[in-house]
Structure formats: C-alpha cells, structure tokens
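> Quick one, fold the following:
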Amino acid sequence: MHFTHVTVADRNAMLAALDRAVAEQRRFGLLLVNLEKFRDVNIELGHRCGDELLQRLAERIGSVLRADDAVFHIGADEFAVILGNLGSPQLAELAARKMLEVIGGNVELDGRVVAPVARVGGAVYPDHASDLGALMQIAEAAQQKARGCREGYVIYDQLLRVEEQTRSDLKGKLKVALDNSDLMLYYQPQVDLQEGVVSGCEALVRWNEADHGWISPEVFIPVAESGELIDTLTYWSVNVALREWFRHCRGCSQTASISVNLSAKLLHSPEIVELIQRAMNIWGAQPGTLVLEVTESAMMVDPKMARSTLAALAELGVILSIDDFGTGYSSLAYLKNLPVGELKIDKSFILHMAEDQQDRKIVQSVIDLAHNLDLRVVAEGIENQQTLDMLVGMGCDFGQGYYIARPMPLAELPPWVESSNWVYHRVPSA
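Numbers count the residues shown, from 1 in each chain. Modelled structure (predicted):
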C-alpha cells in the first residue's frame, strides 16, 4: 500500500484509498482533522484567503507524514489522513500530536495573521473496527469527543467504545420512548417580577427510563441530535406543551406564555418553520403565547441562516428568546438585527449577584440595554429573596428559579399556584 503527499479535494478519492487499504488487510489509521472557526476566515477575509489557508495547512500536515501516508480535503473545514502500514495503534496518537503542532502555527493572509485551531479524532483498522463503515463512524465519534478535550485529539479506545455503545443503546431506547410517548414535560413557572403574578412556564423534557432511571437532558438531547431524532423530539415537545398548557390555562390572560427550547441543530433546518406552524394550528396557539428559546451560540454558527429561520418563526407570532445570554459571542448590537423579543440572562450571572458587584453591574447593563432595544428580560437561577428583590429594583421583567418554584409535573402546577404567593394574571370575569 503506497500513498503520496497530495491534497485531494474529493471524498470519493479518500473512500477509494480506504477500500484498497482494507482489501490489503494491513493495519492503518484514519484521522479526521476539523478546523475550528474556518467559516470566520471565509466571512472576514474572503473565500480566496480561505482556500489559501486550506492549501497551507494541507502542506503542513503533509510535512509530518510518511511516504505511506496521505492527506485528503474532504469538506469545507475538514481533512482526512490515512496512516498506511501502521506498526502499532499508538503511532496514530503520535501522528495526531505532530499534526496539531504544525497546524497551530500562525498563518499570514492578506496582511492578517490567523491562528488556526484544529481537533483530531482517529481510529485504527482492524484494532478498533473490522469494516470501513464502522471505522468511519468511530473516527467521527472520536473527533466529536476531541472538541471537548484539552489535548485537542482523541484516538478511539475502549472507554470511548463503551461510551458509544451506551449512546447507541440510548438512541434505540429514545426512539421507542418517542414512539410510545414515554417522555414527559415538567413545567417551571415564570413570574412577572413587576406585577407579582405568574406569567407563564418553561416546558422541560424529562425521561424516566425503565433500565437507567432518570436520564439527564444533557445526556439524551445530544443523543437525539446525533441520532437524527431531534426533529421528532422537538415536534413532540411543542405539541405536548401547547396541548397541556392550553388545557390547563384556559382562564389565563392572553399574555400567559409557554416556553419550549429549540435545538441548535434545528435552528438551521428549513423544516422547523412548518413544524411549528402545524403545531400552533392544531392547538390554536395565539400570537405571543408560544416562546421558543434558542441559545446565542446556536445563532452564531450560521448567522445568515439563523436570521432567515427566526424571521419566518416571528411571522407566525412566535416570541423568540435568546437563552443563556452572556455566555456566547453575540452582542446586543448584533441582536438588534434579529426578530427576537426576549433575553434570558444566564444563571451564572444571577446566582452570585447578591455578593458579587461585577455580576450586579453586568445584569443591570443587560437589562438597561435590552429595554433600550424593546426586548423584555428574563432572569433565570433566582435562588433567594435578596436576589429577587434586587432584580425587581433593577427593572427586570420576568424571573424563574428554585426560589420561585422547581420544575414540576403538570398535575402539581395548579396546587402550587393555589398555595403560593403568586397567582395567574387571569382574564377579568364579565
């Protein structure tokens, strides 16, 4: 098996090379190299500079490869490297480290200095997989894992094998749970801090799995996203939330709202608008009663596409809320060009604002600037009376948190309202 140091902008050429390598039944490695924020280079410096950067990085990768290795450009921001005639699986880790070292050096493009950052995931044939499809799958899984790894690379190992098997099992169980409607929604009340009344609720998906017990959304939401179940999960969540909310809240004012989280993956899917419109039509949701929460980092992945999707949702009468505001890279100057109506200040700023002056200044600044842009503000993470009083004094519009109420099943919501100091702002009786 012999390769040459060439950059091939063709995924089919890489697959053909892998087929030959498998046919020869020799140990080889597959490394997938993903460039972070490559889109920013194209946007800020133009596609010509983007192409030049890719060529430079391909040459750098090639400089640390052997004669039996090859590098391929297989996507806009991704390379694949085949390590031929690999003596041992440990050599794949050495190759990954060398590639990251040479990729990380500064590159000058049109007088601008760019500092490339890459993540590498890899697997070895036949040690980690006995067929090409499985090899590609686990190499991609390793690359995903590398995005949260300090070293910047992950070579597939037994621990990752166990994690992937667990994810695969959960994916199958999640599909069954969705088919059987075994998931449930919990509701966390949101209150109007200035009026002292319950203004709505946030619907949160919960899963009590028969074998594993309660599974955190931080675990099963990524499984849904990677397993192409997120559209089904989102449609289920919106439908159930609207159905249960309007049954429960018939006497509430027309300003009472139900909030549902929107996956970052679906924000860039053209089908999401039709999906939401269908659910609203089924349950007769009036404009302003459905709030979709989107993280600001999700919007920044593809701002142009996000703007188009959000604009279409806003036309349906959906209130768009920016969740976890303050933890990403967006700014209010950017948000003024989006049809958003609400900001949710991330709880990391709320939790310690009673004793942290800097957090108080940040919260007050966000409230003031948001109001100047005609956006309403929700503070999440309220856990004591002192924090609540401060937010009221700052002019914050709405709030939620454990001090007000923990998320609860729908059946517990009416008793909570009756026994709490908060009441629904209801439509005046005739």
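> When you work out contacts or count neighbours from here on, use the C-alpha atoms and nothing else.
OK.
> roughly how far out does the single longest helix found in the chain sit from the chain middle?
Using DSSP state H to define each element, the chain has its longest helix at helix 158-179. Mean-position distance between helix 158-179 and its chain equals 19 Å (Cα atoms, centre = their mean, to the nearest Å).
> following it, which helix or strand comes up?
Using DSSP states H and E, the helix or strand that follows helix 158-179 in sequence is strand 184-192.
> The helix or strand just after that next one: which residues count as buried?
As assigned by DSSP H and E, the chain's next helix or strand after strand 184-192 is strand 197-209. Judged by neighbour count using 16 or more other Cα atoms under 10 Å, the buried positions of strand 197-209 are 197-207.
> and what of stretch 366-375?
By neighbour count on 16+ other Cα under 10 Å, the buried set for stretch 366-375 is 366-368, 370-371, 375.
> Strands of the stretch 251-400 of the chain, start to end?
For the stretch 251-400 of the chain, the strands defined by DSSP state E, counting those that start in this stretch occupy 257-261, 290-295, 319-325, 342-345, 376-380, 398-400.
> Mind giving me the packing neighbours of the fifth one?
Secondary-structure packing of strand 376-380 (3 or more Cα pairs under 8 Å, 6 or more residues apart in numbering; DSSP states H and E): strand 342-345, helix 347-350, helix 357-372, strand 398-400.
> So for stretch 396-411, mean pLDDT?
For stretch 396-411, mean pLDDT rounds to 94.
> And for that stretch, what's in contact with it?
185-194, 199, 204, 244, 367, 376-385 (Cα atoms under 8 Å, 6 or more residues apart in numbering).
> Residue 295 versus the residue nearest the centre of the chain, what's the distance?
Residue closest to the average C-alpha location in the chain (Cα atoms, centre = their mean): residue 264, at 4.6 Å. With distances taken as Cα to Cα, to the nearest Å, residue 264 is found 7 Å from residue 295.
> Ok, residue 379 next?
From residue 379 across to residue 295, the span is 14 Å (Cα to Cα).
> Between these two, point out the one with more neighbours.
Set side by side, residue 379 and residue 295 show more neighbours around residue 379, with 28 against 21, by other Cα atoms under 10 Å.
> Quick check: bridge partners of the more buried one?
In this entry, residue 379 is beta-bridged to residue 345, residue 399, by DSSP bridges.
> Could you pull up the contacting residues of it?
Contact partners of residue 379, counting by Cα under 8 Å, 6+ apart, are 344-347, 350, 391, 396, 398-400.
> Highest neighbour count among those?
Top of the contacts of residue 379 by neighbour number is residue 400, holding 28 neighbours under the definition other Cα under 10 Å.
> Could you count how many residues lie near residue 281?
Other residues lying near residue 281 total 10 when counted by other Cα under 10 Å.
> now the end-to-end length of stretch 261-277.
16 Å.
> Skipping adjacent residues, who's closest to residue 344 in space?
Distances taken as Cα to Cα, 6 or more residues apart in numbering place residue 378 nearest to residue 344, at 4.6 Å, with adjacent residues excluded.
> could you list every residue that touches the one you found?
Residues counted as contacts of residue 378 (Cα under 8 Å, 6+ apart) are 342-345, 396-400.
> which of the contacts of stretch 396-411 are buried?
Buried subset of these (neighbour count, 16+ other Cα under 10 Å): 185-193, 199, 204, 367, 376-383.
> Do I have it right that residue 185 meets residue 202?
No: in this structure residue 185 lies outside contact range of residue 202 using Cα atoms under 8 Å: 9.5 Å.
> where in the protein is pLDDT low?
Across the chain, the ranges flagged by pLDDT under 70 are 1-9, 158-162, 227, 249-255, 296-303, 326-335, 423-430.
> Was I right to think the residue nearest to the centre of the chain contacts residue 305?
No: counting by Cα under 8 Å, residue 264 stays clear of residue 305, with 11.8 Å between them.
> In TSV: the contacts of residue 379, plus distance to residue 271.
Listed next are the contacts of residue 379 as TSV, based on distance: Cα to Cα, whole Å:
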residue	distance to residue 271
344	26
345	29
346	29
347	31
350	35
391	38
396	34
398	31
399	31
400	31
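> from these, which is closest to residue 285?
residue 398 (21.3 Å; Cα to Cα).
> ok, now which ones touch the closest residue to residue 362 other than its chain neighbours?
Spatial nearest neighbour of residue 362, excluding adjacent residues (Cα to Cα, 6+ apart): residue 349 at 7.6 Å. Residue 349 is in contact with 359-360, 362-363, counting by Cα under 8 Å, 6+ apart.
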